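Enquirer: Quick one: sequence and predicted model below, then my questions.
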Amino acid sequence: MSVGIDWVKAWVGDTVRVVSENRVRLIELDREIGDGDHGENLDRGFQAVKAKFDALPDGETPAAALKLVATTLISTVGGASGPLLGTAYLKGSQALGDATSLDSAAIAAFLTAARDGVVMRGKAEVGDKTMIDAWTPAVDAASAAAEAGKSVAETLEAAASAAEKGAESTEPLVAHKGRASYLGERAVGHRDPGAESSSLILRAAADAATA
Ligand code: ADP
Ligand code: MG
Ligand code: MG
């Protein structure tokens, strides 16, 4: 089984909906350990992505569509998360070349390049209490699933489940990157908003492959 542009469109559509539904929750998480704008930042960005996708020409490759997500997020999302997530979609899209059909190995390569883009830009490691705590377990799980010959849907399911556990794993941590790092021990006991939103985005990717 492989996926193509229809999966990208479904993923983006699900992401727009899920980010909008979780806007207030992400604002509340960011209010605890940041400046309270994460839900607003992402919702603004993905509403702009929706407008671009509504006008997406027929016959676009997955890479071209995902690059459009990247450039839109970079230009419309203020704050740390816009350039970071934008770079994820940009580097991920570059890993796809002009492929129209993506198998589980291509999905794993996409997620790996996306995560590497976030690290290149933000220099966070696992345990720093950032979105990387969702992305890296997701990449590891997706790579293992693809290696084991799992389907695209199973590979994305593995990534989404690992990202959810990764987001949860940020709760007891002290932050070493981003605004939450100014809080020291006061960040302990709060989930990182960017890890949570990344897990929602990766869950949407899995849902789009099974719908
Ligand atoms: P801002 O902090 O500028 O208001 P957002 O609230 O939109 O931006 O995003 C905050 C999220 O960005 C954090 O929860 C964290 O997951 C992520 N983040 C911040 N700095 C980094 C970094 N250097 N590397 C990876 N992720 C980061
Ligand atoms: Mg913020
Ligand atoms: Mg901000």
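Expert: Perfect, thanks for sending it. Ligands and ions are numbered 1, 2, ... in the order given.

Enquirer: Can you give me the distance of the residue nearest to the spatial centre of the chain to ligand 2?
Expert: The chain has Ser198 as the residue nearest its centroid, 4.0 Å off, counting by C-alpha atoms, centre = their mean. Taking C-beta to the ion, to the nearest Å as the measure, Ser198 falls 14 Å from ligand 2. Bear in mind the C-beta positions are built from the backbone N, C-alpha and C, glycine included.

Enquirer: Now do the residue in the chain that ligand 1 sits nearest to, the pLDDT please.
Expert: Of the chain, the residue with the smallest distance to ligand 1, taken as C-beta to the nearest ligand atom, is Gly194 at 2.0 Å. Reading off the per-residue confidence, Gly194 sits at a pLDDT of 98.

Enquirer: That one should be in a helix, yeah?
Expert: Yes: according to DSSP: H, G, I helix; E, B strand; the rest coil, the state of Gly194 is that of a helix.

Enquirer: Quick check on the closest residue to it other than its chain neighbours: phi, psi?
Expert: Nearest residue to Gly194 in three dimensions, chain neighbours excluded: Met131, at 3.8 Å (C-beta to C-beta, 6 or more residues apart in numbering). Main-chain dihedrals, Met131, degrees, to the nearest 10: phi -60, psi -20.

Enquirer: Any idea how many residues pack against Met131?
Expert: When neighbours are defined as other C-beta atoms under 10 Å, Met131 has 32 of them.

Enquirer: re the thing from before, so who does the residue of the chain closest to ligand 1 touch?
Expert: Gly194 makes contacts with 38, 80-81, 84, 130-131, 134, 178, as judged by C-beta atoms under 8 Å, 6 or more residues apart in numbering.

Enquirer: ok, the nearest residue to Arg186 once chain neighbours are set aside to ligand 3 distance?
Expert: Once flanking residues are discounted, Arg186 sits nearest to Ile33: 7.7 Å by C-beta to C-beta, 6+ apart. Counting by C-beta to the ion, the gap from Ile33 to ligand 3 is 12 Å.

Enquirer: Model confidence at Ile33, what's the number?
Expert: Residue-level pLDDT assigned to Ile33 equals 97.

Enquirer: what residues are up against it?
Expert: Residues in contact with Ile33 (C-beta under 8 Å, 6+ apart) are 175, 179-180, 183, 186-187, 190, 192-193.

Enquirer: Pull the number of nearby residues for the one residue in the chain that gets nearest to ligand 3.
Expert: Scanning the chain for proximity to ligand 3 using C-beta to the ion identifies Gly79 as nearest, at 3.8 Å. The number of residues packed near Gly79 is 19, by other C-beta under 10 Å.

Enquirer: Check Gly36 too.
Expert: Here the number of neighbours of Gly36 (other C-beta under 10 Å) works out to 15.

Enquirer: Would you verify that it is located in a strand?
Expert: No: assignment of Gly36 by three-state DSSP gives coil, placing it outside any strand.

Enquirer: who are the neighbours in contact with it?
Expert: For Gly36, counting by C-beta under 8 Å, 6+ apart, the contacting residues are 27-28, 30.

Enquirer: ok, so what distance separates it from Glu60?
Expert: As defined by C-beta to C-beta, to the nearest Å, Gly36 lies at a distance of 36 Å from Glu60.
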